[in-house]
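Trainee: with the input below, show me the fold.
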Amino acid sequence: MTGLRKGYHALAAALAAATPATAADISQPGSAVIDNGWKYQVTLDAWLTGLNGDIGVRGLPAAAVDVSPLDVLENLDGAFAGSFQAVGDHWLLYTDIMWARISTDADVGPFGGTADFEQRQIVATALVGYEVPINVENIQLYATAGLRYQHNKVELDINPIFFPAIDRSGSQSWVDPLVGLTMHYDINEKWFVDVMTDVGGFGVASDITLQGTATVGYNWTDTIASSFGYKALYTDYTEGGFRYDATQHGIFTRLAVRF
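Mentor: Numbers count the residues shown, from 1 in each chain. As a prediction, this is how the structure comes out:
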């Protein structure tokens, strides 16, 4: 019996010596900090976007809208954009929203003349991504799938050369399925590159919709970062006399808070 006790005590001492950290954690449960691995980011975005394309309302001839990003400074009546992102355990959850209102002049197609054009727009995107194993240091690549909601309200006050003036408005809302890729590359501890691209529509709502964003960013602190780059969104949608075949594109900036 004495030998059995000595053997038990020797085994217990050996286990304690081999796993000191585990023993300390058991004796002091409050000393360990649990990290679930998820990181979150909230951003405030600014998109100095131009608008180029053909937009028609309720059977009217499509108006050719051509507003450069610099013209937007004069024609933008208001805008807001932001996003939320969560990354962890090989998963990416992402959503963003943009609201904008612009007003400008447009050219009317075969009838000649001009049109006063106003657009109010909401664009919201929701994506789920899973990390693609590429074994490249400092790069995280995610294959994504999700939905994009678009709402456009357009007002056209057309003044043709040979016909009476026409004033019409129309609005449409639709949702497109999306697939794409998202990449984050840490150049070093301070500088990074973000790229996001997707394609969707496939005739479900839009014939096609394409979006791409590429930015270079800087980590000011562990929780604050900013980035600067370019973003473009193309949509080709037709439904019930409403025609929207246009590209929005321009300089894109982002201020991010991470936690």
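
Trainee: going by C-alpha atoms from here, please, whenever you check contacts or count neighbours.
Mentor: Will do.

Trainee: verify the stated contact: Phe80 with Ala46.
Mentor: Yes - Phe80 lies in contact with Ala46 (Cα atoms under 8 Å); the separation is 7.4 Å.

Trainee: pLDDT at Pro29, what is it?
Mentor: In this prediction, Pro29 carries a pLDDT score of 41.

Trainee: could you do Ala64 as well?
Mentor: On the pLDDT scale, Ala64 gets 78.

Trainee: from memory Ala256 sits against Ser226, does it?
Mentor: Yes - if you go by Cα under 8 Å, Ala256 and Ser226 touch, sitting 5.9 Å apart.

Trainee: quick check: closest non-adjacent residue to the residue sitting nearest the centre point of the chain.
Mentor: Residue closest to the average C-alpha location in the chain (Cα atoms, centre = their mean): Asp96, at 4.9 Å. In space, and not counting its chain neighbours, Asp96 is closest to Ser83: 4.0 Å by Cα to Cα, 6 or more residues apart in numbering.

Trainee: may I have the helix or strand harbouring the one you found exported as CSV, CA atoms only?
Mentor: Element membership of Ser83, judged by DSSP states H and E, is strand 76-88. Backbone C-alpha positions of strand 76-88 (Å, rounded to 0.1, in the frame of the first residue of the first chain) are rendered in CSV as follows:
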residue,chain,number,x,y,z
LEU,A,76,-24.5,66.0,-55.5
ASP,A,77,-27.5,66.9,-53.3
GLY,A,78,-26.5,64.5,-50.5
ALA,A,79,-24.9,61.1,-49.9
PHE,A,80,-24.1,58.6,-47.1
ALA,A,81,-22.2,55.3,-47.2
GLY,A,82,-20.9,52.9,-44.6
SER,A,83,-20.1,49.2,-44.0
PHE,A,84,-19.7,46.5,-41.3
GLN,A,85,-17.4,43.5,-41.5
ALA,A,86,-16.7,40.5,-39.3
VAL,A,87,-13.8,38.1,-39.9
GLY,A,88,-13.0,34.9,-38.0
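
Trainee: quick one: strands adjacent to it?
Mentor: Applying DSSP bridges, strand 76-88 is found paired with strand 39-56 (antiparallel), strand 91-108 (antiparallel).

Trainee: hang on, the earlier thing: quick check, the residue nearest to the centre of the chain in contact with Ala81.
Mentor: Yes - between Asp96 and Ala81 a contact is recorded at 7.4 Å, counting by Cα under 8 Å.

Trainee: quick check, Asp71 in a helix?
Mentor: Yes - judged by DSSP: H, G, I helix; E, B strand; the rest coil, Asp71 forms part of a helix.
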